[in-house]
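K.L.:
Have a look; sequence and predicted model below, questions after that.
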Amino acid sequence: MGSHCMNGVNQLSGSSTGSMYNSDQSEYFNYGQSLHLGNSYGAQPVMIYPVQGSKNDLSQIIINSYSELVIFQQSISELVYSQKDLITTSMNQFNCPQLQVIQHKHLELNNLLKEKLNSLLMLKRSYILDIEDLQILLYVLNEIEIHVKQLELLHNELEHTIKHNTPGIHCALVIIREPFPEVISKGQELGPEVLVVKLLFASVINLVSQYCPVNVELVRSTTRNDKKKYIDPLQIALDISTNEAKFPLKFLEGTRRVKVNLRFSMKIPLVDSNNQSVMCSVETPLSKPFIVITSDTQWLTSTEEMFKIDAFQSNLSVSWTNFCNTLNQHFIRVTKQDPPVFRGLAISDFLYMNHRFFDGKQSVDYPSFSRFFEWFGVIMNVLRHTKHMNKLWQYGLIYGFMNRNETEKCLYGKSPGTFVIRFSERHHGKVAIAYVSSSGRRILHYLVADNDTSKKRTLGNFICESDQLTNVLKLVNYHENNSPSFLPINKIEAFMPYCSDHNNEDTLGYDPMETPWTGLSFPLANQGDAKRRKRGIEQT
């Protein structure tokens with residue numbers, strides 16, 4: 001069971017009332033909202049209208065579900081106390097009214113938890129959620145699953161006591177937080193709060209020892225006879241004040257692009273209801289899968305494998321809405337935004353992708369996913385591994401997903417030199433700059449070439465040195481119809497923090513290089529391309 005950070009997102013996340021999507025036009029959400037369906041790219045964004053003046057939209061439903069966790073936790077704590085009191089003081093009175101009350105509470109709470117779990121899972125399958133709502137939803141789902149497991153232990157203990165006149169041993173070790181599925185780099189170390197396991201008890205079991213180590217092992221799907229130590233540490237003491245163990249794991253070896261899992265186990269010294277010392281062995285189910293890579297060249301194929309496993313889960317196809325929510329989860333990890341999240345994928349991004357790569361279909365199969373990932377995977381690779389590109393995306397300086405026609409609509413009527421940056425559709429991983437010509441009468445499109453940037457010359461340097469460009473359209477928010485809202489920002493103010501600084505090098509005794517560009521501001525691959533690139537009309 002994985003847990004997900006709930007940190008809020010700023011206005012770039014695209015959070016706005018009604019930013020959601022439903023793949024079934026005929027389906028009404030079972031909380032009673034009425035739906036209004038609109039058109040964009042041939043897809044159907046859903047607007048949830050308030051009912052009787054209440055804030056009855058999806059965001060409010062998810063927030064309410066989060067608030068209900070406190071009630072669920074309080075109910076389970078009260079049940080633990082009542083059941084322990086019943087078992088330890090009324091062992092021979094199991095026809096008493098107190099037993100019936102506890103059994104009723106078991107049934108009632110179990111039904112509430114299962115109903116809530118199913119409704120939230122249906123919500124995730126049926127709607128494209130804002131990234132903020134999605135993270136809260138995933139957190140709530142994980143907490144409910146833990147509550148269900150705790151309730152199962154209590155139920156088994158009560159049934160065992162009724163049948164055998166003794167409660168027996170009922171405990172479980174569960175993963176309550178994990179960063180997987182994920183691609184991990186060799187040598188990478190997890191933070192102390194990222195991977196956490198918890199020991200759950202029924203009502204009448206107590207630990208004997210103050211030191212209870214929890215062990216972890218790496219599990220492969222294939223049998224290998226090597227003696228490498230893949231992770232460290234292999235053992236962490238359980239914190240008996242919280243019954244949790246936090247694993248700041250370091251990954252020492254690559255897994256040869258093969259997915260692996262973790263399994264945690266421990267032997268617990270306990271005292272049962274008869275004050276007898278017993279040793280109980282427990283282990284977690286397998287963690288979600290991950291791959292440890294040894295170089296960045298392995299990242300793209302490994303990331304594709306992790307996403308495919310998470311999205312399809314052995315199915316031949318997946319609904320479009322579920323695909324989008326899963327893609328957003330992976331995207332914020334790839335762009336290292338977990339936590340906090342500055343900007344995930346927005347509804348307008350998904351509408352663009354659906355129209356461009358999936359022909360407006362409401363399901364995704366393996367062939368269509370592979371075609372999509374050939375393009376989108378390279379973009380994620382650029383955002384993750386190219387200097388400053390991630391920050392330019394997060395802060396809205398790269399808008400990203402927009403076709404040529406939409407770009408020209410955004411620039412229409414703007415002053416000369418105003419520009420917007422998007423990802424090229426035909427040239428995988430490259431960015432295109434659309435800008436208003438000096439005459440103000442044309443919108444020109446420039447594809448940033450390989451030799452325009454380098455390790456020492458970033459996209460920020462290129463833009464700041466290009467005289468044709470003046471003000472960038474920075475994404476600042478989304479309107480209720482999911483269209484972007486831009487703010488013109490002077491390019492120097494916007495991009496100077498993301499220019500490579502060459503002044504830090506020790507250049508004492510050397511002369512500065514003369515400015516290489518005396519005519520065109522756009523650098524040219526060769527002089528034969530000069531006229532074409534000056535016009536800025538290269539097909540993107």
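P.N.:
All right, it came through fine.
K.L.:
got a pLDDT number for residue 279?
P.N.:
Residue 279 carries a pLDDT value of 85.
K.L.:
Give the bridge partners for it, please.
P.N.:
With DSSP bridges applied, residue 279 shows beta-bridge pairing to residue 269.
K.L.:
how much space between it and residue 196?
P.N.:
With distances taken as Cβ to Cβ, to the nearest Å, residue 279 is found 24 Å from residue 196. The C-beta positions use only the backbone N, C-alpha and C, and glycine is treated the same way.
K.L.:
More neighbours: the two, which one.
P.N.:
Taking other Cβ atoms under 10 Å, residue 279 and residue 196 do not tie; residue 196 has more neighbours (19 against 10).
K.L.:
Pull the number of nearby residues for the nearest residue to that one once chain neighbours are set aside.
P.N.:
Leaving aside its sequence neighbours, residue 196 sits nearest to residue 177 (Cβ to Cβ, 6 or more residues apart in numbering; 4.3 Å). Here the count is done by other Cβ under 10 Å, and residue 177 has 20 residues near it.
K.L.:
Quick check: residue 177 vs residue 88, distance?
P.N.:
33 Å.
K.L.:
swap in residue 61?
P.N.:
40 Å.
K.L.:
Among those two, which residue is more densely surrounded?
P.N.:
Per other Cβ under 10 Å, whichever of residue 61 and residue 88 has more neighbours is residue 61, with 20 against 12.
K.L.:
Next one, pLDDT for that one please.
P.N.:
Value for residue 61, per-residue pLDDT: 93.
K.L.:
helices and strands around the helix or strand harbouring it, which ones?
P.N.:
Assessed by DSSP states H and E, residue 61 sits inside helix 58-89. Using 3 or more Cβ pairs under 8 Å, 6 or more residues apart in numbering; DSSP states H and E as the contact criterion, the elements in contact with helix 58-89 are helix 97-126, helix 131-164.
K.L.:
what's the spacing between the next helix or strand after the last one and its chain's center?
P.N.:
Once the chain leaves helix 131-164, the next helix or strand it forms, by DSSP H and E, is strand 171-177. When C-alpha coordinates are averaged (Cα atoms, centre = their mean, to the nearest Å), strand 171-177 and its chain have centres 22 Å apart.
K.L.:
Mind listing the strands the next helix or strand after strand 171-177 pairs with, and their directions?
P.N.:
Once strand 171-177 ends, the next helix or strand along the chain (criterion: DSSP H and E) is strand 182-185. Partners of strand 182-185 in the sheet, by DSSP bridges, are strand 290-293 (parallel).
K.L.:
Could you give the separation of the partner strand from the chain centroid?
P.N.:
When distances are taken as Cα atoms, centre = their mean, strand 290-293 is centred 17 Å away from the chain's centroid.
K.L.:
average pLDDT for that strand?
P.N.:
The average of the pLDDT scores along strand 290-293 is 97.
K.L.:
Check stretch 464-478 too.
P.N.:
95.
K.L.:
Which residues belonging to that stretch are considered buried?
P.N.:
By 16 or more other Cβ atoms under 10 Å, the buried positions in stretch 464-478 come out as 464-466, 468-475, 477-478.
K.L.:
Break down the stretch 351-500 of the chain into its helices, ranges please.
P.N.:
For the stretch 351-500 of the chain, applying DSSP state H, counting those that start in this stretch gives helices covering 366-385, 389-394, 404-411, 459-464, 491-495.
K.L.:
isn't residue 335 right up against residue 382?
P.N.:
No: between residue 335 and residue 382 there is no contact under Cβ atoms under 8 Å: 10.7 Å.
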